[in-house]
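A.B. asks: The following block contains a protein sequence and its predicted model.
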Amino acid sequence: MRLVMTLLIRNEIDIIADFLTYHLAQGVDYIIVTDNGSTDGTLDVVARFVPTGRVCLLVEEDQDYRQYAWVTRMARLARDLLKADWIINSDADEFWHAEGGNLKAVLAQAEADVLMVRRRNMIPPQEGIPPQEGIPPQAGRGGDVLADGTLAVLAPVADRSRSKLIRTVSAKAVCRADGFVAIGQGNHEATYDRPVSQADEPRLTIYHYPIRTYAQFEAKVIQGGAAYARNTEFDRSVGGHWRRWYATWEAGGLRAEYESIVLDAEARDAALAEGILGYDDTMARRFQGRADATPPEEARRMADFVSLDGPLPRDFDALGYLRLHPDLAALFTAPWQGVLHYLEHGRREGRIYPSTLTRAQEKGTQAGRIVLAVDGLDGSGKSAVARHVAAALGATVLDPFAGRIGALMVHLARLGQHARADDVAHDAVALALAEAPPGPVVFDRHWFTASQLLSSAYRAGWNPRPFSVMTWADRPTTLARLAARGIDAEAQMPEDRIDTYRRLAAELDVPLIDTTYLTPDEAAARVLALMAQGQPS
């Protein structure tokens, strides 16, 4: 599956690098950017990402803010040139977050054509207030809106007399590329050349930072309001708040308007008491560990290394990287130093680093490459089926538990050390994927082998599971196949052991392929048919 994001920008220097780095690490394959006249250095920052091959930069010189036309143009490029399956049309102040940390993993499970995703407005930190010990960062100080901004609108209101920042905000649309025609102004709706289905997607949230500082707000009002004023195509009701704020700026009252919108300390306390506001540090935790205090010259060096060699791994733990290597720990202490060292030296030297991914995030990331997991007893035909399906799909077959790895798992399980055996199994799968050539893979044994060997309590750790099938053959056939390999397994294969696999397949809702009277080609054809139908594993 290919996920492409489109982005229309103008003067987003305070947030654009974080936006691009974040979304490229969340499962977005490509980002098409249209710059509409940036004058603050934003264009230079985006240009540094272009050599990675994952960011495409367009320049739009018209100044009449025909957003829908420019975004539609990018979305059609995503559909036709980049062969996108899904398209996210975003603004630079919108950070798309998925449960489990991977946008593609959620979209791969979607059934509707258009997914409506809720936006959560974030309240900017108050400017000029020093830190206070024991008080959440948002409540007590200003600074970095991404790392310090934890005050969120949890229960927006409909009352139009209240600040726009705490009022109900419209959802944004994620679109399947198939049949896409155009996007509406504001990216809130899409049109297609075919009937489409639409659904809310609660597993996705857009963390929205529309107002970050007064300086940013004033610049945005000037550029947005002037653009709408020049546009002769739209009705005056389109972009109404931008037009009003622009008039307020012309009259000299924008600072007071800003203070009212972002809420002063008393208004924030009242909104907290009402339950309108609350604390949400989902995004802050992701940005607090980044190179916030990076000297400008070192930041430029980092950007150069990224443009040459690609972005930092999305699960990179900078402080963990420094602690892991004694020679680095003796020299460096700041996260940005760990990032710079890895980009400049560590990647080339093959240095390892601790991963920040949770087990669920790791599985979600792996799911994008695993097209099939085949399991079953030895002699059930699983390896032959895996090879034939892989050949049909142009995939690589991986056998993560072969040889000493499988023996170690069995040894640990017999000792009752199930947690260690489970860790070995997960690490074996991760290693097999890391060493495999690029492209899709088929697993000859995966989650079922581990969960069958260990307690069923460990099964949840393998979610989300790849599409899986169980191969099975009756006892005479199983024994005959093993004998053909020179294995006398009669004592090891009683009828009840073979039947256990049939029972578990039914219990776990895994499709069972009876290979007793099927050739490997015939069995593989049945598996491919199931995959085409999208039957759940």
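C.D. replies: Done, it's in.

A.B. asks: and stretch 431-443, how far apart are its ends?
C.D. replies: Across its full length, stretch 431-443 reaches 13 Å end to end, with C-alpha to C-alpha, to the nearest Å as the criterion.

A.B. asks: Same question for stretch 385-399.
C.D. replies: Stretch 385-399 has an end-to-end distance of 13 Å (criterion: C-alpha to C-alpha).

A.B. asks: Give the buried residues for it.
C.D. replies: Buried residues in stretch 385-399, counted by 16 or more other C-beta atoms under 10 Å: 385-390, 393, 395-399. Using the backbone N, CA and C atoms, a C-beta is placed for each residue, glycine as well.

A.B. asks: What lies in contact with that stretch?
C.D. replies: For stretch 385-399, contacts defined as C-beta atoms under 8 Å, 6 or more residues apart in numbering pick out 371-372, 374, 383, 432-433, 436-437, 439-445, 469, 471, 513, 515, 520-521, 523-524, 527-528.

A.B. asks: so how many other residues sit close to V424?
C.D. replies: When counting by other C-beta atoms under 10 Å, one arrives at 21 neighbours for V424.

A.B. asks: Mind checking which of the buried residues of stretch 385-399 land in helices?
C.D. replies: For the buried residues of stretch 385-399, the ones inside helices are 385-390, 393, with DSSP state H as the criterion.

A.B. asks: about what we covered before: grab the two from the buried residues of stretch 385-399 that are most spread out in space.
C.D. replies: Largest separation among the buried residues of stretch 385-399 by C-beta to C-beta: L393 and D399, giving 16.8 Å.

A.B. asks: give me the beta-bridge partners of L7?
C.D. replies: Counting by DSSP bridges, L7 forms beta bridges with V33, S90.

A.B. asks: separation between it and Q452?
C.D. replies: Distance from L7 to Q452, counting by C-beta to C-beta, to the nearest Å: 46 Å.

A.B. asks: And S197, by the same measure?
C.D. replies: 38 Å.

A.B. asks: cool, and P466?
C.D. replies: As it turns out, when the distance is counted by C-beta to C-beta, P466 lies 16 Å from Q452.

A.B. asks: Please say which of the two ends up with more neighbours.
C.D. replies: Set side by side, P466 and Q452 show unequal neighbour counts under other C-beta under 10 Å, the larger going to P466 at 20 against 16.

A.B. asks: what's near enough to touch the more buried one?
C.D. replies: Under the criterion of C-beta under 8 Å, 6+ apart, the contact partners of P466 comprise 366-367, 370-373, 443, 446-447, 537.

A.B. asks: Between those residues, which sits nearest D317?
C.D. replies: Proximity of the contacts of P466 to D317 was ranked by C-beta to C-beta; the top entry is Q366 with 18.9 Å.

A.B. asks: residue ranges with poor pLDDT in the stretch 401-537 of the chain?
C.D. replies: Scanning the stretch 401-537 of the chain for pLDDT under 70 picks out the ranges 454-456, 535-537.

A.B. asks: which residue packs closest to R268, ignoring adjacent ones?
C.D. replies: With C-beta to C-beta, 6 or more residues apart in numbering as the measure, L277 is the residue that lies nearest to R268, at 6.5 Å, once sequence neighbours are left out.

A.B. asks: Quickly list what the one you found is bridged to.
C.D. replies: Residues in beta-bridge contact with L277 (DSSP bridges): V153.

A.B. asks: dump the residue contacts of it.
C.D. replies: 123, 151-154, 166, 268, 271.

A.B. asks: Which single one of the residues you listed is nearest to Q223?
C.D. replies: Of all those, Q223 sits closest to I123, with 22.7 Å by C-beta to C-beta.

A.B. asks: what's the burial count for the nearest residue to the closest one once chain neighbours are set aside?
C.D. replies: Counting by C-beta to C-beta, 6+ apart, the nearest residue to I123 once its immediate chain neighbours are dropped is L151, at 4.1 Å. A count of neighbours around L151, defined by other C-beta under 10 Å, yields 26.

A.B. asks: Do I have it right that L151 meets D269?
C.D. replies: No: taking contact to mean C-beta atoms under 8 Å, the distance of 11.1 Å between L151 and D269 leaves them out of contact.

A.B. asks: Quote the end-to-end distance of stretch 177-184.
C.D. replies: Terminal residues of stretch 177-184 lie 15 Å apart, using C-alpha to C-alpha.

A.B. asks: please renumber so the chain begins at 55
C.D. replies: Fine by me, first position is 55 from now on; the one you just mentioned is stretch 231-238.

A.B. asks: mind listing what's buried in that stretch?
C.D. replies: Taking 16+ other C-beta under 10 Å as the neighbour-count basis, stretch 231-238 is seen to contain the buried residues 231, 234, 237.

A.B. asks: Over to stretch 483-499?
C.D. replies: 483-484, 486-487, 495-499.

A.B. asks: cool, stretch 452-466 as well?
C.D. replies: Within stretch 452-466, the residues that count as buried by 16+ other C-beta under 10 Å are 452-455, 459-460, 462-463, 466.

A.B. asks: Check the gap between L331 and V223 for me.
C.D. replies: Using C-beta to C-beta, one obtains 14 Å as the distance from L331 to V223.

A.B. asks: How about A129?
C.D. replies: With distances taken as C-beta to C-beta, A129 is found 22 Å from V223.

A.B. asks: for I265, same thing?
C.D. replies: When C-beta to C-beta is applied, the distance between I265 and V223 equals 12 Å.

A.B. asks: Between the two, which has more neighbouring residues?
C.D. replies: Neighbour count, other C-beta under 10 Å: between I265 and V223, I265 has more, with 22 against 17.

A.B. asks: Show the contacting residues for the more buried one.
C.D. replies: 178, 219, 271, 312, 315-316.

A.B. asks: Need the three-state assignment for it.
C.D. replies: When the structure is reduced to helix, strand and coil (DSSP: H, G, I helix; E, B strand; the rest coil), I265 reads as coil.

A.B. asks: Can you give me the distance of P494 to I567?
C.D. replies: On the measure of C-beta to C-beta, P494 and I567 end up 20 Å apart.

A.B. asks: circling back: rank the buried residues of stretch 231-238 by pLDDT and give me only the lowest.
C.D. replies: The pLDDT minimum for those sits at I237, where the score is 86.

A.B. asks: shouldn't that residue be in contact with V125?
C.D. replies: Yes: proximity of I237 to V125 meets the contact threshold set by C-beta under 8 Å, at 4.9 Å.

A.B. asks: and for the two, which residues touch both?
C.D. replies: Common neighbours of I237 and V125 (criterion: C-beta under 8 Å, 6+ apart): N143.

A.B. asks: outside of stretch 125-134, which residues touch it?
C.D. replies: Contacts to stretch 125-134, defined as C-beta under 8 Å, 6+ apart, come from residues 58, 60-62, 84, 86, 88, 110, 112, 138, 141, 143, 229, 231, 234, 236-237, 241.

A.B. asks: Buried residues, it. List them.
C.D. replies: Along stretch 125-134, the positions that meet the burial threshold by neighbour count (16+ other C-beta under 10 Å) are 125-133.

A.B. asks: Adding pLDDT, distance to S215 and secondary structure, write those out as CSV.
C.D. replies: Putting those into CSV (pLDDT from 0 to 100; distance: C-beta to C-beta, whole Å; DSSP: H, G, I helix; E, B strand; the rest coil) gives the following:
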residue, pLDDT, distance to S215, secondary structure
V125, 92, 32, helix
T126, 92, 35, helix
R127, 94, 39, helix
M128, 95, 37, helix
A129, 94, 37, helix
R130, 95, 41, helix
L131, 95, 42, helix
A132, 96, 40, helix
R133, 95, 42, helix
